[in-house]
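Enquirer: Just a sequence and a predicted model for now, questions to come.
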Amino acid sequence: MVTQFDVVVVGAGIVGCACAARLAREGLSVCVVDPSPPGSGATAAGMGHLVVMDDSAAQLELTIASLRLWLDLLPTLPRSAETISPGTLWVAEDEAGMEAVESKRTLYANAGVAAQTWGPARVHEGEPVLRPVAGALHVPGDCVVYPPTIAAKLLADSRATLVQATATAINGDGCETSQGLLRTRWVVNCAGARATDFAPLPIQPRKGHLAITERRPGFLRHQVVELGYLASAHGSDEASVAFNVQPRATGQVLIGSSREFAGWDPAIRRTMLAKMIARAVSFVPELATLHVVRSWVGFRAATNDHLPVIGPIPDQPSHIVAAGHEGLGITTSLATAELVAHHVCGVEPVISPEPYLPGRFAA
């Protein structure tokens, strides 16, 4: 099989599907290559939060830009996207944590993000199942979605050709696959942690566990996250857990999260899962009354500096990378697609592309 397209996208996760939809809007013929159904892999394994994150200025800018795009998309999504808008509570356990809450609120305010400081009484009123805490930062604009449905919709809207095959190489002719060569001018590498199969990039899989409970509608009102979540997510190479629970449209509670570098080992580590659930129960004691009905693992695509890689490979300008989003691939997928469209089509970028370029690792 030899077929000609303007763009070949490798990977049918939500980032790849978002890129396909955005490039198709520019009038390009697009092919998406993936051996698995759209929206599987890391997209299906994630929590599905649309959330502002501020581990760095570049991360904050990318998440804000993407959430603005999500606000336009959300009203068009089908009911199966399971969209809810619970907002996020960033919980402070003590007074030192409240100082961090105030710093975070100021940072968000300066960036134009609505956020309010809640004292202990307001937290109890807003989230009564949470144990007593010193306070929290309430970010009302954060949302929760079911990502596989959205990935499939983005791909369908793009009218891209889906080739269910394994990409084996990216070269000057296009993309080699298990079904033959796909000739193209541009290849967009959205292969997540497997993006390194096609380019020397500092991306590696970071394993994570999640668990979901039986249905108990109204049990949890917000996504609730401990302030130490970012330290757990980005502060160490060691295995770690952090309190992060999320209400779902189904009435279930999604419990996270863990992080560890364990290669591609898909096995559930019972000790890690137990530690993660115990951490959640320590904040929400009534969680112990709910049955966990399913647990699973996924693999985040992690970079050394905790920012995604978006842009052309320096010595291969027709090879565009859009990978390495770690736990923010759902949130940042739409802004990532805009940056890819900038590199491929020259459209005005939504934000500066500089912090995300692959060339930052050249040294």
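Expert: Cool, got the structure. Residues are numbered from 1 along each chain as shown.
Enquirer: how's the chain carved up into domains?
Expert: 2-47+147-202+306-361, 84-140+204-303 (automatic domain parsing).
Enquirer: Span of stretch 339-358 from start to end?
Expert: Stretch 339-358 has an end-to-end distance of 13 Å (CA to CA, to the nearest Å).
Enquirer: For that stretch, what does the pLDDT average out to?
Expert: For stretch 339-358, mean pLDDT rounds to 98.
Enquirer: buried sites along it?
Expert: For stretch 339-358, the neighbour count (16 or more other CB atoms under 10 Å) marks 339-345, 347, 350-351, 353, 355-358 as buried. In this view, the C-beta of every residue, glycine as well, is placed from N, C-alpha and C.
Enquirer: How about stretch 119-133?
Expert: Buried-residue list, stretch 119-133, by 16+ other CB under 10 Å: 123, 126, 127, 129, 130, 133.
Enquirer: could you give the mean pLDDT of it?
Expert: pLDDT averaged over stretch 119-133 gives 98.
Enquirer: Contacts made by that stretch with the rest, please.
Expert: 89, 91-93, 118, 134-136, 138, 219-222, 224, 282-287 (CB atoms under 8 Å, 6 or more residues apart in numbering).
Enquirer: For it, output the C-alpha coordinates as PDB.
Expert: Output of stretch 119-133 as PDB, limited to C-alpha atoms (Å, rounded to 0.1, in the frame of the first residue of the first chain):
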ATOM      1  CA  GLY A 119     -11.500  28.700  54.800                       C
ATOM      2  CA  PRO A 120     -12.200  25.500  56.800                       C
ATOM      3  CA  ALA A 121     -15.900  26.200  57.300                       C
ATOM      4  CA  ARG A 122     -16.500  27.000  53.600                       C
ATOM      5  CA  VAL A 123     -14.600  23.900  52.600                       C
ATOM      6  CA  HIS A 124     -16.800  21.800  54.900                       C
ATOM      7  CA  GLU A 125     -20.000  23.400  53.500                       C
ATOM      8  CA  GLY A 126     -18.900  22.800  49.900                       C
ATOM      9  CA  GLU A 127     -17.400  19.300  50.300                       C
ATOM     10  CA  PRO A 128     -18.800  17.800  53.500                       C
ATOM     11  CA  VAL A 129     -17.200  14.300  53.000                       C
ATOM     12  CA  LEU A 130     -13.700  15.900  53.300                       C
ATOM     13  CA  ARG A 131     -12.100  15.600  56.700                       C
ATOM     14  CA  PRO A 132     -11.300  18.900  58.500                       C
ATOM     15  CA  VAL A 133      -8.600  20.900  56.700                       C
END
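Enquirer: gap between it and the chain center?
Expert: Taking the mean of its C-alpha atoms, stretch 119-133 sits 28 Å from the chain's own mean (CA atoms, centre = their mean, to the nearest Å).
Enquirer: Next: stretch 277-296.
Expert: That offset, for stretch 277-296, works out to 23 Å (CA atoms, centre = their mean).
Enquirer: Okay, now that stretch: how far is its last residue from its first?
Expert: 13 Å.
Enquirer: thinking again about what came up before, tell me which two in the buried residues of stretch 339-358 are the farthest apart.
Expert: 345 and 355 (20.6 Å; CB to CB).
Enquirer: So which of the buried residues of stretch 119-133 belong to strands?
Expert: Among the buried residues of stretch 119-133, no residue falls in strands (DSSP state E).
Enquirer: Same list (these) but as a markdown table, adding distance to residue 142.
Expert: What follows is the buried residues of stretch 119-133, written out as a markdown table (distance: CB to CB, whole Å):
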| residue | distance to residue 142 |
| --- | --- |
| 123 | 16 |
| 126 | 14 |
| 127 | 14 |
| 129 | 19 |
| 130 | 17 |
| 133 | 19 |
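Enquirer: Can you give me the neighbour number for the nearest residue to residue 287 once chain neighbours are set aside?
Expert: Spatial nearest neighbour of residue 287, chain neighbours left out: residue 281 (4.9 Å); criterion: CB to CB, 6 or more residues apart in numbering. Residue 281: 18 surrounding residues under other CB atoms under 10 Å.
Enquirer: same deal with residue 60?
Expert: 18.
Enquirer: Please verify my assumption that it contacts residue 110.
Expert: No - counting by CB atoms under 8 Å, residue 60 stays clear of residue 110, with 9.9 Å between them.
Enquirer: Tell me, please, the helix or strand in this structure that averages the lowest pLDDT.
Expert: Lowest by mean pLDDT, DSSP states H and E among the helices and strands of the chain is helix 229-234, with a mean of 59.
Enquirer: and the helix or strand that comes right after it, which strands flank it?
Expert: Next helix or strand after helix 229-234 toward the C-terminus (DSSP states H and E): strand 240-247. Strand 240-247 sits in its sheet next to strand 223-226 (antiparallel), strand 253-259 (antiparallel), going by DSSP bridges.
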